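Chemist: The following block contains a protein sequence and its predicted model.
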Amino acid sequence: MAKPIIAIVGRPNVGKSTLFNKLVGQRLSIVKDTPGVTRDRIYSPCEWRGKEVMLVDTGGIEPYSNDVILSQMRRQAQLAIESADVIVLVTDLRTGVTANDQEVASMLLKSGKPVVLCVNKVDTIGDVPPEYYEFYNLGLGDPIPVSSVHGHGTGDLLDACFEHIDFENREEYDEEYIKVAIIGKPNVGKSSLVNRMTGQERAIVSNIAGTTRDATDSILENEHGKYVLIDTAGIRRKSRVDDDIEKYSVLRAYMAVDRADVCLIVIDATEGFTEQDSKVAGYAHEQGKASIVVINKWDAVEKDGKTMDEYRKKLENDFSFMSYVPFIFISALTGQRVDKLYDLINYVCEQNARRISTGMLNDMLAYATARVQPPSDKGKRLRLFYITQASTKPPAFVIFCNSLDLFHFSYQRYLENQIRETFGLDGTPIRIIPRERG
Ligand code: GDP
Ligand code: GDP
């Protein structure tokens, strides 16, 4: 289930990124074993009162340029309106209410989205200064006084946000629907693929979706199953956000990945793999989602008997950090192999949710440790006692050992490979969780 999203908007220099970093705190960690993932500090989980939300600092998306501040702010507010559950408008006590604040406030008000007004840089403790009251003029209710630098008021701010979030009933669709995020650079053919998959069915079924958040989801039922297609290209078009600002599309892709069961990473066969693909694919990997690499426009490639194999080899190298990912070569234009895509989606989704019995896992462990002896150091040998699956989506395996120090990454990798060799688990990342037993 996707986490609720809180988006931070406001003028430059009011303290949005300072607030973001304060709220995110220590949680901003980047998974190190995923090459290519250098996540921008604009989208991160934030935990409060035992619940987790995603925070977006919309101000971090594009560098401010003085002549177009207002249009940038509009664009960022638009993104927040489309994607967030709650929007925090940050203002600055020291500058007071400005025309730009008013502009964005009225835009947010019109959207009907819940908005929490933050007056930042209230650094003194005790009574609020008289300037604070001016912010009531924005018509957004009680302003929350905050000092992002010191951290005062951030708890009240999160409490105010959480009042607008229903943490219990967040699931938008029945479980039988497989949620499929279609991600990739502009022009790789995402919309064409969605259109090809939905055909005429789209018009009939699209009204099942409820909230504004689902506005661009397509619901699809056919002989293969039931699907929700999360079309990130559709979002972009609808909002008229400039296509050329790559960070917007990356951010939208992250959000789509969070909501999805299966990610289709669409690549243009005539262009090949790019840095942006590895960012988004790395994020899907990190989030434990099932993925498929879809090479589209296969019709436009001049081929001989070896072309697909050569292409596949190159891709295996590009995607070496997620060696489990299957490739499929399609044409959204002609429909070639699009039918096969459904089986693959169903398959990787099942693998992502798979449960393997403890008995079978321990048989595998006995075999694997007999085949390649665990490492030892200074006369002490790693011993692995027991393995059990702790959770699904993605499959996570707890392995109990005598010493975490001895349980090197390379042996963990070996066991991961053994698990995959024995049980398959194609298309899904898996997690190994080593535990020391006293
Ligand atoms: P952004 O452009 O809205 O992301 O603003 P920044 O987070 O970059 O902050 C702009 C400036 O305001 C920086 O110099 C911050 O140190 C300062 N600032 C941010 N929050 C506070 C605060 O609560 N109190 C004070 N005194 N300064 C702050
Ligand atoms: P998006 O931005 O990723 O949604 O890409 P579009 O679906 O808008 O497609 C971009 C361009 O690629 C359009 O001109 C499509 O007609 C073209 N296109 C999409 N899929 C295919 C395909 O399978 N083969 C060929 N030759 N062109 C395609």
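Modeler: Here it is on my side, so go on. Ligands and ions are numbered 1, 2, ... in the order given.
Chemist: who in the stretch 201-350 of the chain is up against ligand 2?
Modeler: Residues of the stretch 201-350 of the chain that fall close to ligand 2, judged by C-beta under 6 Å from any ligand atom: 233, 296-297, 299-300, 331-333. In short, each C-beta sits where N, CA and C put it, glycine included.
Chemist: At the contact with ligand 2, which residues of the stretch 51-200 of the chain appear?
Modeler: Contact residues of the stretch 51-200 of the chain with respect to ligand 2, defined by C-beta under 6 Å from any ligand atom, are listed as 186-192.
Chemist: Greatest separation within the residues of the stretch 201-350 of the chain next to ligand 2: which pair is it?
Modeler: Largest separation among these by C-beta to C-beta: Ala233 and Asp299, giving 19.5 Å.
Chemist: More neighbours: these two, which one.
Modeler: Between Ala233 and Asp299, Ala233 has the larger neighbour count (other C-beta atoms under 10 Å), namely 25 against 16.
Chemist: what are the ranges of the strands in the stretch 201-350 of the chain?
Modeler: Assigned by DSSP state E, counting those that start in this stretch, the strands in the stretch 201-350 of the chain fall at 217-222, 225-231, 262-268, 290-296, 327-329.
Chemist: picking up where we left off before, same list, the residues of the stretch 201-350 of the chain next to ligand 2, but as JSON lines with pLDDT and distance to ligand 1 please.
Modeler: Putting these into JSON lines (pLDDT from 0 to 100; distance: C-beta to the nearest ligand atom, whole Å) gives the following:
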{"residue": "Ala233", "pLDDT": "62", "distance to ligand 1": "29"}
{"residue": "Asn296", "pLDDT": "97", "distance to ligand 1": "37"}
{"residue": "Lys297", "pLDDT": "97", "distance to ligand 1": "40"}
{"residue": "Asp299", "pLDDT": "96", "distance to ligand 1": "46"}
{"residue": "Ala300", "pLDDT": "95", "distance to ligand 1": "43"}
{"residue": "Ser331", "pLDDT": "97", "distance to ligand 1": "44"}
{"residue": "Ala332", "pLDDT": "95", "distance to ligand 1": "40"}
{"residue": "Leu333", "pLDDT": "94", "distance to ligand 1": "43"}
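Chemist: which among these end up buried?
Modeler: For those, a burial check counting by 16 or more other C-beta atoms under 10 Å picks out 233, 296-297, 299, 331-332.
Chemist: just for the stretch 101-250 of the chain, where's the confidence low?
Modeler: For the stretch 101-250 of the chain, the stretches with pLDDT under 70 are 200-216, 233-247.
Chemist: need the helices for it, in chain order.
Modeler: Counting by DSSP state H, counting those that start in this stretch, the stretch 101-250 of the chain has helices at residues 154-162, 190-198, 201-205, 232-239, 246-259.
Chemist: All set, thanks.
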